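1. The following comprises the amino acid sequence and a computationally predicted model.
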Amino acid sequence: MPQNIALELAVQDQAGVRVAGAVGADRVELAQALALGGLTPSPATLELAIAEAASVGVEVHVLVRPRAGGFHYDADELAVCELDVRRAVAAGADGVVIGALDAAGALDLEAMARLRDAAGSASVTLHRAIDVTADPIATLRAARALGLRRVLTSGGASEAIDGIDTLRELVAAAEGAIEIMAGSGVTAASARLLADTGVDALHFSAKRTVTQTGGVRMGSASDGVGGYETTDLATAQELVGALARGVSRVCASTQVATAH
């Protein structure tokens, strides 16, 4: 495994935190609804995850995102985000993961400063809102000027492996002053290649889908009862093992795809 590269596991509950501890991850990004790109977790989920993290020795960084869809928020939504940031830090989170864009699709500097300030001394990460901006390098520089700790990015692609050239450019532009964490669709097959770009961290979800069927539709986005996603220990172990061995390609038939 490349020296000094951190591992962050995207999880939705305390069971996912236990998986992170089992595979030696440095931290978790705690969210709910990873199938939607992740939303702010519930207070109970946060409390139980923080307690579990203390016992397994990982940090908890809380995603603050009030809804699915884009990242341009109105005054009500920003008020929710600010309060969620404050409450996450007060509950014991090590950091928060945030992102807000203006009406033109650029980083909303005023909103980001407001949320950064709400986090106090906790670590602040800019999430993949950067990947839908017109100029990720300019967005990175804005995040650096705001004093953020790191940026989670796929290099502007749906999956990080397809944004690998931009990831290299972001690493160079960061100049060691802000961390670059590669994430989205990271698997055992791509982990080493992404690590070799020089990023500071890898973000992965190692999740599997549990499907359920039923004749009563439970929501506009569901087909019947629907299913849910859960953190899978074996998938996480496979990725960490491949990274440690320096394996850049493994048999595709053994992979469990991740979308976050």
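-> That came in fine, so what should we check first?

2. For the stretch 101-250 of the chain, just list every one of the strands.
-> 123-126, 150-153, 179-183, 201-204, 207-210, 228-231 (DSSP state E, counting those that start in this stretch).

3. so which of those strands gets nearest residue 17?
-> strand 228-231 (8.7 Å; CB to CB). The C-beta positions use only the backbone N, C-alpha and C, and glycine is treated the same way.

4. Tell me the strands beside the closest one, with direction?
-> strand 207-210 (antiparallel) (DSSP bridges).

5. Can you point out the buried residues in the partner strand?
-> residue 207 (16 or more other CB atoms under 10 Å).

6. Dump that strand to CSV, restricted to CA.
-> What follows is strand 207-210, C-alpha atoms only, in CSV (Å, rounded to 0.1, in the frame of the first residue of the first chain):
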residue,chain,number,x,y,z
LYS,A,207,-21.6,-1.8,-0.3
ARG,A,208,-24.0,-4.5,-1.5
THR,A,209,-27.7,-4.2,-2.3
VAL,A,210,-30.3,-6.2,-0.4
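
7. just to revisit the earlier point, any idea which of the strands of the stretch 101-250 of the chain gets closest to residue 89?
-> Shortest distance between residue 89 and the strands of the stretch 101-250 of the chain, using CB to CB, is found for strand 123-126: 9.8 Å.

8. ok, now which ones touch residue 201?
-> Taking CB atoms under 8 Å, 6 or more residues apart in numbering as the criterion, residue 201 is in contact with 5-8, 26, 150, 179-182.

9. Please disregard the earlier target; I meant residue 155.
-> 131, 136, 162-167, 170, 182.

10. Check these for burial and list the buried ones.
-> 131, 136, 163-164, 166-167, 170, 182.

11. Let's have these in CSV, adding pLDDT and distance to residue 39.
-> Shown next, in CSV, are these (pLDDT from 0 to 100; distance: CB to CB, whole Å):
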residue, pLDDT, distance to residue 39
131, 98, 17
136, 97, 23
163, 98, 23
164, 98, 28
166, 98, 26
167, 98, 25
170, 98, 25
182, 98, 22
